[in-house]
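Engineer: Model the following, please.
(one chain, ligands or ions: 2)
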Amino acid sequence: MCYCSSNTPFEECCGPFINSSHLPTTAEQLMRSRYSAYCTKNAEYIRATYVQNEQQHHSVEDILAFADVAQFIKLEIIDTGSTSEASYVEFKATYIAENKVCMLHEKSLFVKESEQWKYLDGTILPTLETKIGRNDECPCGSGKKYKKCHSN
Ligand SMILES: [Zn+2]
Ligand SMILES: [Zn+2]
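Structural biologist: Ligands and ions are numbered 1, 2, ... in the order given. Sure, this is the predicted structure:
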């Protein structure tokens, strides 16, 4: 199943966007594919889907560094919609990093540039981090102990 928690196979969900055979037709599709690109460590795709003016501020190395530290385990779409300037997607992305469960709760803005959806920027909302013990059940829901699953 696709990384983005859609319950659809990767090849029928974010895969075609990430391998550039199709363009996302909605902002939510682009948001989901960027999430899946973090899961598959496809930093080039993440960089290329920022609006042109933002790409210079996000190096492939920085994106990859975050993708290496953060192991994403769940995506929830909270809300989607549009204003006259942009479309927005509010989401909660859960990931494991440095023995903590962290959540990125963000309202992202997307605009079309040359007919393609691009990520403009986002507002990050505060969340809590929880420490994970090595013998705790892994937060990814596998039923295994953390030390035998997502611990690294
Ligand atoms: Zn997907
Ligand atoms: Zn796990």
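
Engineer: Show me what the lengthiest helix in the chain is packed against.
Structural biologist: Secondary structure of the chain per DSSP state H: the longest helix is helix 27-39. If you count contacts as 3 or more Cβ pairs under 8 Å, 6 or more residues apart in numbering; DSSP states H and E, helix 27-39 packs onto helix 15-18, helix 43-48, helix 60-69, strand 71-82, strand 87-97, strand 100-113, strand 116-125. The C-beta positions use only the backbone N, C-alpha and C, and glycine is treated the same way.

Engineer: which residues sit in contact with the most centrally placed residue in the chain?
Structural biologist: Centroid-nearest residue in the chain, with Cα atoms, centre = their mean: residue 35, separated by 2.2 Å. Counting by Cβ atoms under 8 Å, 6 or more residues apart in numbering, residue 35 touches 3-4, 14, 72, 75, 91, 93.

Engineer: distance of it from ligand 2?
Structural biologist: Remark: distance between residue 35 and ligand 2 (Cβ to the ion, to the nearest Å) = 17 Å.
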